[in-house]
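Asks: Coordinates only, no sequence provided:
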């Protein structure tokens, strides 16, 4: 008999994961690359809802629903539910997952990872004391290198292959505009095209960034080591970065993750105007803006 979820229809956001800086610092013998990254989460993302069920099911809606090809059982959100129910003593045999897919797929902002992390968060909240924190982190890492940092969806410093997390310095209020040119980039192809896997680590971080100017100054001394390789494979990355850099209110623009989504940081008060301007100028691109989650 299935144990009831405490709050039927519980839902949460699966915020986009954005790498403000991403340094590739080495490669393990098993082929995984070692990273150092300053990660943030703007208020842009998918939405996940869970409802009690006697089996695990997935319903997908939203503008990017059709982009999720393949069997439902291969979806990271479904795999997350299966892993949690197998690991925990919930008495549940299933859950119905409803996914509103607002983020482009395979775009360097961790959409699938955020969805999986959201499912784990919801199940952990509604079946308390069935999976401890360490087990939850282990489940997250088994689903993908970005899933652990998406569990909390708070600013973080991510090292190793994604399993080592530390709190980020205090961040200023800011707006973040995300743009994807409607092109996907293969992450394995980007890493294969990377000229060097042995690069310098992140510059020393302060205890906090008082202003957006302080954060931008730090970022100018940091990098996304995957940006050049992704730009070679996907000309849209260069076009998006050029558009962002031309906007007078964008303080700095970079690519996130392995691309092709890029971002621009701006003052919070300018966010709506910047997003509207860029959307009007590039109606064929996916463009979304959100305030930075600084907590």
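Replies: Thanks, I have the structure now. Small disclaimer: the values here were computed from a predicted structure and weren't measured.
Asks: what's around residue 26, how many residues?
Replies: Counted with other CB atoms under 10 Å, residues neighbouring residue 26 total 13. For the C-beta atoms, the positions are set from N, CA and C on the backbone; glycine is no exception.
Asks: Would you verify that it is located in a helix?
Replies: No. Per DSSP: H, G, I helix; E, B strand; the rest coil, residue 26 lies outside any helix segment and is strand.
Asks: Please enumerate the strands of the stretch 151-295 of the chain.
Replies: Using DSSP state E, counting those that start in this stretch, the strands of the stretch 151-295 of the chain run over residues 156-160, 164-167, 175-180, 252-255, 262-266, 286-291.
Asks: Tell me the spacing between residue 262 and residue 143.
Replies: Remark: distance between residue 262 and residue 143 (CB to CB, to the nearest Å) = 26 Å.
Asks: These two: which has the busier surroundings?
Replies: residue 262 (32 against 21).
Asks: now that one: how far from residue 252?
Replies: Distance from residue 262 to residue 252, by CB to CB: 11 Å.
Asks: Also residue 49?
Replies: 35 Å.
Asks: The chain: helices as residue ranges?
Replies: Along the chain, counting by DSSP state H, helices occupy 76-87, 111-126, 133-143, 147-152, 187-193, 212-220, 227-233, 235-246, 271-281.
Asks: Only the buried residues of the first one, if you could.
Replies: If you call a residue buried by 16 or more other CB atoms under 10 Å, then helix 76-87 has these buried ones: 76, 77, 78, 79, 80, 81, 83, 84, 85, 87.
Asks: Same check on the longest one?
Replies: Neighbour-count burial for helix 111-126, with 16+ other CB under 10 Å as criterion, is recorded at 111-124, 126.
Asks: cool, and the last one?
Replies: Within helix 271-281, the residues that qualify as buried by neighbour count (16+ other CB under 10 Å) are 271, 274, 275, 277, 278, 279.
Asks: wait, what's in contact with the fourth one?
Replies: Think residue 277. residue 247 (CB atoms under 8 Å, 6 or more residues apart in numbering).
Asks: Verify the stated contact: residue 198 with residue 25.
Replies: Yes. Using CB atoms under 8 Å, residue 198 makes contact with residue 25 at a distance of 7.2 Å.
Asks: What are the structural domain limits within the chain?
Replies: 11-167, 175-291 (automatic domain parsing).
Asks: can you list these in JSON lines and add mean pLDDT?
Replies: As requested, the domains of the chain are exported to JSON lines (pLDDT from 0 to 100):
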{"stretch": "domain 11-167", "mean pLDDT": "94"}
{"stretch": "domain 175-291", "mean pLDDT": "97"}
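Asks: circling back: of the buried residues of helix 76-87, closest to residue 36?
Replies: Minimum distance to residue 36 across the buried residues of helix 76-87 is 24.1 Å, recorded for residue 76 (CB to CB).
Asks: ok, residue 276 to residue 55 distance?
Replies: 44 Å.
Asks: which residues sit in contact with residue 145?
Replies: Residue 145 neighbours (CB under 8 Å, 6+ apart): 32, 161, 162, 163.
Asks: Just read off the phi/psi values of the residue nearest to the first one when sequence neighbours are not counted.
Replies: Once flanking residues are discounted, residue 32 sits nearest to residue 161: 4.7 Å by CB to CB, 6 or more residues apart in numbering. With angles defined as degrees, to the nearest 10, residue 161 sits at phi -100, psi 10.
Asks: So what's the residue count around residue 161?
Replies: 17.
Asks: do residue 72 as well
Replies: So residue 72, with other CB under 10 Å, has 14 neighbours.
Asks: From residue 101, how far off is the residue nearest to it when sequence neighbours are not counted?
Replies: In space, and not counting its chain neighbours, residue 72 is closest to residue 58: 4.5 Å by CB to CB, 6+ apart. Separation of residue 58 from residue 101 (CB to CB): 11 Å.
Asks: can you check residue 118 too?
Replies: Taking CB to CB, one finds residue 118 at 12 Å from residue 101.
Asks: Now for those two: what residues contact both?
Replies: The contact lists of residue 118 and residue 101 share residue 46, where a contact means CB under 8 Å, 6+ apart.
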